[in-house]
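What shape does this take:
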Amino acid sequence: MPDFHYTDGIRMKKQEPRKKMKLPDRYVTEMTDLLGAEAGDFFASYRQPPAVGLRANGLKLPPAALRERAPFRLAPVPWAPEGFYADGDERPGRHPYHFLGLYYIQEPSAMLPAELLDAAPGDRVLDLCAAPGGKATQLAPRLRGKGLLVVNDSAGERTKALAKNIERAGVRGAVVLNEQPARLAEAFGAFFDKVLVDAPCSGEGMFRKDPDMARAWERHSAERSARMQDGILRDAARLVRPGGRLVYSTCTFNPRENEGTVARFLAAHPEFEAEPPDGPLPACFAPGRPDWLTPEEAAGLAPERQRSLAAAVRIWPHRCRGEGHFAVRLVRRPAEGLSEGGDADTAGSIIGRPDKAAGRRGRKPESAKAGTDAEADALRKFAAFLRESLPGWQPQSELVARGGHLYKQPPGLPPLDGLRVVRPGLHLGFAGRHRFEPSQALAMALSCDQAALSLRLSSGEADSERYLKGETLQPDPDRLRAPDGSTARGTGWTLVCIDGFPAGWGRWDGRLLKNELLPGWRLI
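Predicted coordinates for the structure are as follows:
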């Protein structure tokens with residue numbers, strides 16, 4: 001196979017041997033002044049290879065099952081129940097299990113913020129700076145299909161990888177947006193129970209993993225990043241309901257973007273307070289450092305509020321096996337007369353607003369009521385597809401038609417009028433001229449026994465590799481299965497499964513299986 005792997009939806013070359021890194025002189029001086037006696041150990045960590053991490057996708061299988069199935073060595077990440085270190089010589093991005101969405105390749109330190117957010121079933125959750133999707137795919141299994149997950153990124157080109165990673169993970173109830181935080185605050189108000197801000201930053205924690213970031217550090221100053229973070233947090237605060245939670249995180253070390261940014265936020269938002277993490281923390285974690293605040297950052301913040309910054313968590317690469325991270329949990333005090341659980345309508349929800357887009361929505365697969373003939377046609381063809389190809393699956397929520405494309409919209413979603421919407425929910429497919437064409441996203445969200453026809457392959461056989469490369473297959477007809485596992489004799493849309501997990505669609509004519517994997521999903 002070619003010497004490439006896929007991570008975060010991006011095709012990347014196999015990592016070359018590490019070269020000696022030249023750190024910026026000013027960075028070395030600043031970190032030496034901050035860390036004092038620890039500085040030697042900190043800079044020595046740059047001579048070590050970066051940690052390779054991956055995280056089990058709880059929508060597909062539990063962590064123990066992944067560890068049992070994985071053909072490479074895994075060791076647990078102490079602060080993330082689903083997280084593992086992979087041996088540095090392994091190539092998990094090349095294995096079919098990565099394609100199938102059984103795990104997400106993620107730097108171990110980056111697993112911390114979603115843990116602090118602690119999403120639970122029924123929560124309305126916003127990942128405000130979500131691309132390429134690592135934390136979003138970590139949050140989705142915590143909801144267990146109940147609640148709402150909205151993921152957003154302001155950079156349009158990054159939302160492509162974000163949407164693809166959401167789809168690969170089999171997330172059924174996520175909405176993907178491409179908006180500025182201020183626009184979301186205007187549209188949603190204080191709607192969300194939990195908001196994650198993994199903020200753009202100077203990226204000092206990524207120098208070892210990506211030396212180009214070290215070379216770009218002086219062009220993207222901490223001061224410039226801090227100004228950007230102030231604006232993002234200002235808008236994020238407007239999105240959190242009273243009694244709700246906001247987690248702020250960066251992958252940088254300097255206190256200007258960490259304790260300093262949080263101090264400025266707390267000074268401007270007395271309704272928020274820093275809250276310590278739940279339970280005991282790994283011994284390698286370090287607390288926040290309020291003593292690193294400048295006099296200007298501390299101004300206007302009462303001494304006890306300054307001391308509360310110690311509730312933040314720092315991961316240092318010389319203390320923990322990871323690249324480094326900063327994260328803090330901020331809680332919005334409940335409004336007077338409002339219980340901590342909150343009342344969405346009085347807390348700023350816009351659920352009650354008229355839906356100007358109602359004419360674009362279908363109701364049930366059998367309904368032909370939609371805003372245009374094309375949308376009605378999409379609903380009709382999808383209903384026929386369900387009867388013929390997915391007798392074991394129903395959307396169980398409202399369908400949204402956008403042109404000929406059809407989406408399963410999560411319940412409880414306010415109107416999205418005027419927002420740049422990448423995905424209003426699970427993309428089900430497109431109504432072609434002659435039939436409904438199911439999407440890759442739908443395939444990844446199913447189980448193999450929900451399809452009328454499925455081809456069951458194993459990861460070790462040649463047909464699996466051929467399928468993932470986009471080739472036509474000629475399987476033994478006896479390998480086509482009905483939902484109960486018996487041999488199926490029909491033709492048509494077929495869910496191709498590898499080791500019991502869906503990989504995509506094919507069309508079976510009784511002799512050949514035409515491969516329906518889109519080019520962007522194929523192994524190259």
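
mind checking the longest strand of this protein?
strand 240-250 (DSSP state E).

hang on, A120 packs against R142?
Yes - counting by C-beta atoms under 8 Å, A120 does reach R142; the two are 6.4 Å apart. Every C-beta, even on glycine, is put in place using the N, C-alpha and C of the backbone.

Tell me which of these two has more neighbours.
Neighbours per residue (other C-beta atoms under 10 Å) separate A120 from R142, with R142 holding more: 20 against 14.

Figure out the helix or strand that that one lives in.
helix 134-143 (DSSP states H and E).

what's the average pLDDT for that helix?
The average pLDDT within helix 134-143 is 98.

about what we covered before: helices and strands around the longest strand of the chain, which ones?
Contacts defined by 3 or more C-beta pairs under 8 Å, 6 or more residues apart in numbering; DSSP states H and E place strand 240-250 against helix 112-117, strand 192-198, helix 222-237, helix 259-268, strand 325-332.

which residues touch R321?
51, 85, 108 (C-beta atoms under 8 Å, 6 or more residues apart in numbering).

ok, now D193?
123-125, 241, 244-245, 342.

Check W493 too.
Counting by C-beta under 8 Å, 6+ apart, W493 has contacts 385, 388-389, 438, 451-453, 505-507.

just those now: which is nearest T159?
P438 (22.2 Å; C-beta to C-beta).

any idea what sits nearest the closest one, other than its immediate chain neighbours?
Nearest residue to P438 in three dimensions, chain neighbours excluded: G429, at 4.2 Å (C-beta to C-beta, 6 or more residues apart in numbering).

for the helix or strand encompassing the one you found, packing partners?
Taking DSSP H and E as the definition, one finds G429 inside strand 426-431. In this structure, strand 426-431 makes packing contacts with helix 373-389, strand 405-408, strand 436-438, helix 440-445, judged by 3+ C-beta pairs under 8 Å, 6+ apart.

and those as TSV, adding mean neighbour count and mean pLDDT?
TSV is the format used below for the helices and strands packed on strand 426-431 (neighbours: other C-beta atoms under 10 Å; pLDDT from 0 to 100):
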stretch	mean neighbour count	mean pLDDT
helix 373-389	19	92
strand 405-408	24	95
strand 436-438	23	97
helix 440-445	23	98
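
Now render the ones you listed as JSON lines, adding distance to I166.
Output for those, formatted as JSON lines (distance: least, C-beta to C-beta, whole Å):
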{"stretch": "helix 373-389", "distance to I166": "21"}
{"stretch": "strand 405-408", "distance to I166": "13"}
{"stretch": "strand 436-438", "distance to I166": "17"}
{"stretch": "helix 440-445", "distance to I166": "8"}
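
out of the ones you listed, which comes closest to A64?
helix 440-445 (22.1 Å).

which residues sit against that closest one?
Applying C-beta under 8 Å, 6+ apart, the contact partners of helix 440-445 are 100-101, 167-172, 426-429, 495, 502-505, 517-518, 521.

Buried among those? Make that a ChimeraX selection.
Per 16 or more other C-beta atoms under 10 Å, the buried members of these correspond to this ChimeraX selection:
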select :100,101,167,168,169,170,171,172,426,427,428,429,495,502,503,504,505,517,521
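
Would you point out which residue is most central in this structure?
Residue closest to the average C-alpha location in the chain (C-alpha atoms, centre = their mean): A136, at 2.3 Å.

where does this structure dip in pLDDT?
1-20, 336-371 (pLDDT under 70).

Spit out the contact partners of F501.
F501 sits in contact with 60, 100-102, 448, where contact means C-beta under 8 Å, 6+ apart.

at 6 Å instead, please
L100 (C-beta atoms under 6 Å, 6 or more residues apart in numbering).

Distance of it relative to R456?
10 Å (C-beta to C-beta, to the nearest Å).

next one: R227
54 Å.

Between those two, which is the more surrounded one?
Taking other C-beta under 10 Å, R227 and R456 do not tie; R456 has more neighbours (16 against 12).

Name the SS class of that one, please.
strand (DSSP: H, G, I helix; E, B strand; the rest coil).

Run a quick neighbour tally on the nearest residue to it once chain neighbours are set aside.
Closest residue in space to R456, ignoring its immediate chain neighbours: C497 at 5.2 Å, by C-beta to C-beta, 6+ apart. Here the number of neighbours of C497 (other C-beta under 10 Å) works out to 24.

quick one: the residue nearest to the centre of the chain and C129 touch, right?
No - assessed by C-beta atoms under 6 Å, A136 is found out of contact with C129, at 10.3 Å.

before we move on, back to that, need the residues that contact the strand holding G429.
The contact list for strand 426-431 (C-beta under 6 Å, 6+ apart) reads 172, 377-378, 381, 404-408, 436-439, 441-442, 445.

so what's W505 closest to, chain neighbours aside?
E516 (4.1 Å).

swap that for G205, please
Leaving aside its chain neighbours, G205 sits nearest to G324 (3.3 Å; criterion: C-beta to C-beta, 6+ apart).

And stretch 497-507, how far out from the chain middle?
22 Å (C-alpha atoms, centre = their mean, to the nearest Å).

again but with stretch 311-328, I slipped
Distance, centroid of stretch 311-328 to centroid of chain: 20 Å (C-alpha atoms, centre = their mean).

Show the end-to-end separation of it, please.
Distance across stretch 311-328, first residue to last, is 7 Å (C-alpha to C-alpha, to the nearest Å).

Give the buried residues for that stretch.
Buried, per 16+ other C-beta under 10 Å, within stretch 311-328: 311-328.

Out of those, list just those in strands.
Using DSSP E, 313-315, 325-328 are the members of those that sit in strands.

Would you point out the most distant pair within those?
I315 and V328 (12.6 Å).

Provide the secondary structure category for R507.
strand.

Nearest residue to it in space, please, no chain neighbours.
K514 is the one closest to R507 (C-beta to C-beta, 6+ apart), at 4.4 Å.
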